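1. I would like the atomic coordinates for the input below:
(one chain, ligands or ions: 1)
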Amino acid sequence: MASDDTTASAVAGPGGTPPGPSAVRHDPAVDPVFSDGEPTAAADTSVPGTPSTPADPGFSAASSEPVPPARPEPAHPADSSSEVTPAFSGEPPAAPAEPAPVAPVGAVEPVFAEPSAADQPDPSLVDGGAPPAEQRASESSPSPATATLPPELADAARTLFGDRLDLAAAYAELLATDGVVRGLIGAREAPRIWERHLLNCAAMAERIPADASLLDVGSGAGLPGLVLAIARPDLTVTLVEPLARRTAFLVEAVQQLGLTATVRVFRGRAEEAAAGTRDRAPLSADIVTARAVAALDRLAAWCLPLVAPGGRLVALKGASAAEEITEHAEAVARLGGGEPELHRCGVGVIDPPATVIEVVRERVVGPVRKKGPKRSRGGRRRGGPGRDR
Ligand SMILES: C[S@@+](CC[C@H](N)C(=O)[O-])C[C@H]1O[C@@H](n2cnc3c(N)ncnc32)[C@H](O)[C@@H]1O
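-> Numbers count the residues shown, from 1 in each chain. Next comes the predicted model:
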């Protein structure tokens with residue numbers, strides 16, 4: 001049930017409420033939410049909370065390697081094919097993988113219901129001998145119901161979500177129930193969804209201009225793209241995610257939250273989104289966001305081709321953001337990016353503020369061509385077999 005703190009009538013528009021006491025305590029900027037069962041998540045190993053940092057309990061067995069183009073997820077009823085065919089949700093080729101449409105439910109109260117019988121986990125979600133997600137959820141102490149917005153975060157949440165706070169609460173509920181049951185989010189993350197995930201993602205909104213188009217690369221369960229779409233109804237958002245189980249969740253979440261007018265889901269890798277096909281123009285947007293997807297050099301390689309010239313990559317990063325800039329600024333420049341800039345978001349609202357790295361796409365750089373043998377004017381390869389004849 002909603003407390004008075006979370007009712008729409010009690011909230012002001014974003015920025016309209018004086019920030020309350022800073023209440024977010026951890027450095028949550030890049031803590032991803034995936035549970036142990038996730039098979040192929042590429043992660044930013046240069047930030048805290050990634051697989052290379054054992055301290056993060058909510059993280060998956062992710063590697064820093066990119067997702068292979070056609071690497072299958074574990075079989076699941078929603079996955080009719082193991083092949084990843086880049087497509088928007090609803091496009092005919094991808095249709096078999098999409099769940100049946102769910103009627104929008106609108107805003108719901110930020111208390112998490114018990115999973116129904118229909119929510120029983122599919123055993124095929126279990127990876128590597130781990131117990132089913134539901135079992136993992138019940139084994140760890142916090143119950144999903146504890147993901148209710150903590151009172152000490154209510155001021156920050158009101159400031160960041162304004163009159164969309166109920167919608168944010170509905171998404172938090174989805175993450176903490178469905179997200180846990182389906183193995184998309186670690187059970188221990190449920191009680192700290194607001195603190196570690198929703199608020200710091202929402203804080204990025206201050207770096208995004210009004211009415212911008214936005215592509216969120218490696219959305220996973222919707223972070224930060226879906227959070228930004230909730231906080232900022234003026235944005236047009238595309239969630240880019242290659243893995244079927246995650247895109248199935250995203251499609252359902254978009255429908256259930258009633259966000260279909262401003263949010264679409266593209267199943268595929270960033271590189272595929274940028275390349276386009278004979279039937280689909282390459283995707284691009286004013287702003288490309290990412291959290292916990294890759295280190296800055298690789299992120300720039302994947303994301304800058306998706307940024308409209310003059311637009312920006314806005315990457316949510318952790319404590320090592322400054323070192324990443326030092327390490328990768330040259331690579332970013334080679335890829336057509338400007339000097340990476342570090343910004344703090346949510347100052348005075350969340351503690352610590354979120355850290356983002358921003359890169360303007362200054363130049364359009366073509367794909368790196370591999371050096372092949374030189375050809376003569378006649379088209380023959382110099383030194384090739386023809387020359388010896
Ligand atoms: C560690 S998860 C982070 C998910 C989410 N951004 C978050 O912060 O919770 C990394 C995500 O990036 C996706 N990913 C990996 N390589 C990608 C690529 N080349 N293009 C798009 N997404 C990719 C993975 O499938 C995975 O969902």
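2. Which helix or strand contains the residue nearest to residue 339 when sequence neighbours are not counted?
-> In space, and not counting its chain neighbours, residue 339 is closest to residue 329: 6.6 Å by CB to CB, 6 or more residues apart in numbering. All C-beta spots, glycine's among them, are computed from the backbone N, C-alpha and C. If you go by DSSP states H and E, residue 329 is part of helix 321-334.
3. what packs against that helix?
-> In terms of contacts (3 or more CB pairs under 8 Å, 6 or more residues apart in numbering; DSSP states H and E), helix 321-334 is packed against helix 296-303, strand 341-345, strand 354-360.
4. Next up, phi/psi of the spatially closest residue to residue 334 that is not a sequence neighbour, please.
-> Excluding its sequence neighbours, the residue lying closest to residue 334 (CB to CB, 6+ apart) is residue 365, at 7.3 Å. When read as degrees, to the nearest 10, the backbone of residue 365 gives phi -110, psi 130.
5. Residue 365 - how many residues pack around it?
-> Residues contacting residue 365 under the criterion other CB atoms under 10 Å number 15.
6. Is it in contact with residue 336, as I believe?
-> Yes. Assessed by CB atoms under 8 Å, residue 365 is found in contact with residue 336 at 3.9 Å.
7. what touches both of the two?
-> Common contact partners of residue 365 and residue 336 (CB atoms under 8 Å, 6 or more residues apart in numbering): residue 304.
8. where do the helices sit along this protein?
-> 133-139, 154-161, 165-174, 180-181, 199-203, 225-231, 244-256, 270-275, 296-303, 321-334, 385-388 (DSSP state H).
9. Same list, those, but as TSV with mean neighbour count and distance to residue 341 please.
-> Converted to TSV, the helices of the chain look like this (neighbours: other CB atoms under 10 Å; distance: least, CB to CB, whole Å):
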stretch	mean neighbour count	distance to residue 341
helix 133-139	18	39
helix 154-161	26	22
helix 165-174	25	28
helix 180-181	26	36
helix 199-203	29	16
helix 225-231	27	19
helix 244-256	24	29
helix 270-275	22	21
helix 296-303	25	12
helix 321-334	17	8
helix 385-388	9	52
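10. Ok, which of the ones you listed comes nearest residue 361?
-> Ranking the helices of the chain by proximity to residue 361 (CB to CB) places helix 296-303 first, at 9.0 Å.
11. now the end-to-end length of stretch 215-232.
-> In stretch 215-232, first residue to last residue: 14 Å (CA to CA, to the nearest Å).
12. now swap in stretch 187-194 and tell me
-> Stretch 187-194 end-to-end distance (CA to CA) = 14 Å.
13. Report the rounded mean pLDDT for it.
-> Taken as a whole, stretch 187-194 has a mean pLDDT of 89.
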